[in-house]
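*Asks:* Quick one, what's the 3D model for this:
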Amino acid sequence: MRRSLYRRNLGLLLVTGMGLSAAACGNSEGTPEAAPSGSQAAAKVTITVGCQPPKSNPIERKEWDEDVAAFTKLHPNITIESKDAFPCINPDTFQAKLAGGTMEDVYYVYFTDAAKIIAAGQAADITPYVSTVKNYANIRPDVINVFKSGDKVYGLPRNNYSTGLVYNRALFTQAGLDPDAPPKTWAEVREAAKKIAGLGAGYVGFGEYSAGNTGGWHFAASLYGRGGEMVTPDGKKSAFNSPQGKAVLENLKTMRWTDNSMGTKQLLQWEDLMRMMGGGKLGMMIGAPDVIQQVNNDFSGKFEDYSVTALPESSVSLSGGDGYMFNPKATPEQIKAGLLWLEYKNLTPGQGQFNYARAKAGGRPVGLPFPDLYGDTPAGQEVLKLRAESSSVPLTHFSGYTDALPSTTNKLEPPKAQELYAILDTPMSAVLTRQDANIDQLLADAATKADQVLARP
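*Replies:* The predicted structure follows:
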């Protein structure tokens, strides 16, 4: 969930509500700096920018500072004041920061918050300036649409993700499974999970969350994969009490109690599954490619032991991500300066987050298939080429995931996602802890509670 790339818990970090700080800033007249691409900041200007990696993340902090220095050399008329509060957004203090003039000029947001921010008038309209951003036209429509309302644009993406099936190649081999031929159906997942669980005490074939809002989050991922919906098109009623929702819970109940492939320890939440994966005891879980990064960095796993493939039987993926929007009080010069910075840091192949040669030299993994901002466009092809040239992670380990991307529709998290996820933790935990759990009743009760939440302003 990151500012390394640890995007999850995107929603959970919203709930924890840790703040960030910033300083008001101004601008003054000066001489414009010629730059190689993008919009031009025509006067000396200072901008505050949120989500600088914290000191506890020294490698990415160093890269950020290097990028600021290089950018400033290109644009000496622009001064960037970096803000490193983490997590990078706190919805509980959002209004107060805007009203008090302490919100950054260029502030960090999750995809799930962008529409609400736009509707509340809390972001500047940057439409007059975005056409000058190099590669803007190459950004995937489903990604840039997150920051649009009608024909107006209010922000730019930094990262995006979609979910797949993360699996332990070493355990596949131990269980007599082919790690290069991962499951494509839920029936195949069940069979593989049984074989992995059969390796001995403590081995878990398939793991799933069911507490701390993570159960509801993964319910949504599985539901989308089966073609279901969390809410009605108007967002006013729940839609998960459906054949697809029932299938999600029935599958988990069968694996837990009939197959005995999910282990006896349940009520798992964020980090529990990654700890099990890193410890070599978990065979499979739902997740995005950055799960592997955290398993390696924080839980003693090894990149070469893990793969990600497409979510079984799915043409739709729960997706999310993050990006930047602009303070509505920002001046035109601050907006243009901010766009130049975002172009440099987040949107240019070979620079900033796409400087894979630097990342590899610094000991960071290169080859994980995210972000995918550009799809199959010239910019996207250039990113893939640079990633492959500096790869330190086997690219073939993600071919099942990347091959499915062109035919996968990404679907954002539902409105009031965290409240719905908290409600859906109950049926998820019930089927994993009670053999007699009544799925129909669990979904009906959850739908009643969800409808009440969705009916509130």
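
*Asks:* what about Ala119, neighbour count?
*Replies:* As a burial measure, Ala119 scores 10 neighbours (other CB atoms under 10 Å). C-beta coordinates here come from the backbone N, C-alpha and C atoms, glycine included.

*Asks:* Who are the contact partners of the spatially closest residue to Val393 that is not a sequence neighbour?
*Replies:* Leaving out its chain neighbours, the residue that sits closest to Val393 by CB to CB, 6 or more residues apart in numbering is Gly367, at 3.4 Å. If you count contacts by CB atoms under 8 Å, 6 or more residues apart in numbering, Gly367 has them with Arg387, Ala388, Ser391, Ser392, Val393, Pro394, Leu395, Phe398.

*Asks:* can you check Leu249 too?
*Replies:* By CB under 8 Å, 6+ apart, the residues touching Leu249 are Phe219, Pro427, Met428, Val431, Ile439, Leu442, Leu443.

*Asks:* how far away is the residue nearest to the last one when sequence neighbours are not counted from Ile439?
*Replies:* In this case it means Leu443. Residue nearest to Leu443 in three dimensions, not counting chain neighbours: Asn241, with 4.3 Å by CB to CB, 6+ apart. In this structure, Asn241 and Ile439 are separated by 10 Å, where distance is defined by CB to CB, to the nearest Å.

*Asks:* How about Pro427?
*Replies:* Distance from Pro427 to Ile439, by CB to CB: 7 Å.

*Asks:* Compare neighbour counts for the two and give me the winner.
*Replies:* In this view Pro427 and Ile439 are compared by other CB under 10 Å, and Pro427 has more residues nearby, 29 against 18.

*Asks:* Who are the contact partners of the more buried one?
*Replies:* Pro427 makes contact with Phe219, Leu249, Ala437, Ile439, Leu442, Leu443, Asp445, Ala446 under the criterion CB under 8 Å, 6+ apart.

*Asks:* and the first one, what helix or strand is that in?
*Replies:* Okay, so that is Phe219. Phe219 belongs to helix 214-225 when assigned by DSSP states H and E.

*Asks:* again with the fifth one
*Replies:* Element membership of Leu442 [criterion: DSSP H and E] is helix 439-455.

*Asks:* Which strands or helices does that helix pack on?
*Replies:* On a contact count with 3 or more CB pairs under 8 Å, 6 or more residues apart in numbering; DSSP states H and E, helix 439-455 meets helix 243-253, helix 417-433.

*Asks:* all strands for the chain, in order.
*Replies:* For the chain, the strands defined by DSSP state E cover 45-49, 78-82, 106-110, 148-149, 152-153, 155-162, 164-168, 204-206, 282-287, 306-310, 316-326, 409-412.

*Asks:* Confidence-wise, which of these is weakest overall?
*Replies:* Taking the mean pLDDT of each of the strands of the chain, the lowest value is held by strand 409-412, a mean of 89.

*Asks:* mind listing what's buried in that one?
*Replies:* Counting neighbours by 16 or more other CB atoms under 10 Å, one finds that the buried residues in strand 409-412 are Asn410, Lys411, Leu412.

*Asks:* re earlier: pull the residues that contact the helix holding Phe219.
*Replies:* Contacts of helix 214-225 from elsewhere in the structure, counted by CB under 8 Å, 6+ apart, are 9, 11-12, 163, 208-209, 229-230, 240, 244-245, 248-249, 251, 268-270, 286, 311-314, 316-318, 411, 413-414, 417, 420-425, 427-429.

*Asks:* do the same with stretch 269-281
*Replies:* In this structure, residues lying in contact with stretch 269-281 by CB under 8 Å, 6+ apart are 8-9, 12, 166, 168, 170-171, 202-204, 207-215, 282, 285, 287, 291, 294-296, 298-301, 305-306.

*Asks:* for the protein, what are the low-confidence residue spans?
*Replies:* Counting by pLDDT under 70, the chain contains low-confidence ranges at 1-42, 91-92.

*Asks:* Would you reformat the contacts of Leu249 as CSV and include distance to Asp142?
*Replies:* Rendered in CSV, the data for the contacts of Leu249 read as follows (distance: CB to CB, whole Å):
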residue, distance to Asp142
Phe219, 22
Pro427, 29
Met428, 28
Val431, 32
Ile439, 32
Leu442, 32
Leu443, 29
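
*Asks:* out of those residues, who's nearest Val383?
*Replies:* The shortest separation between Val383 and any of these is 32.3 Å, and it belongs to Phe219 (by CB to CB).

*Asks:* The nearest residue in space to Asn346 that is not next to it in sequence and Arg275: what is the separation?
*Replies:* Nearest residue to Asn346 in three dimensions, chain neighbours excluded: Arg158, at 4.6 Å (CB to CB, 6+ apart). Between Arg158 and Arg275 the computed distance is 27 Å (CB to CB).

*Asks:* So which of these two has more stuff around it?
*Replies:* Neighbour count, other CB under 10 Å: between Arg158 and Arg275, Arg158 has more, with 23 against 17.

*Asks:* Now for that one: which residues touch it?
*Replies:* Under the contact definition (CB under 8 Å, 6+ apart), the residues listed for Arg158 are Tyr108, Gly321, Asp322, Gly323, Tyr324, Leu342, Asn346, Gln353, Pro371.

*Asks:* so Arg419 sits right up against Val453, yeah?
*Replies:* Small correction: residue 419 is Glu, not Arg. Yes: assessed by CB atoms under 8 Å, Glu419 is found in contact with Val453 at 4.7 Å.

*Asks:* Looking at these two, which one has more neighbours?
*Replies:* Set side by side, Glu419 and Val453 give different neighbour counts by other CB under 10 Å, the larger being at Glu419 (20 against 14).

*Asks:* For Pro289, see how far away the nearest residue to Leu405 once chain neighbours are set aside is.
*Replies:* Leaving aside its sequence neighbours, Leu405 sits nearest to Asp372 (CB to CB, 6+ apart; 6.5 Å). Separation of Asp372 from Pro289 (CB to CB) stands at 10 Å.

*Asks:* Settle it for me: which of these two has more neighbours?
*Replies:* Using other CB under 10 Å, the more surrounded residue of Asp372 and Pro289 is Pro289, with 26 against 22.

*Asks:* mind listing what that one touches?
*Replies:* If a contact means CB under 8 Å, 6+ apart, then Pro289 has Tyr161, Gly164, Val166, Val308, Leu368, Pro369, Phe370, Phe398, Tyr401 as its contacts.
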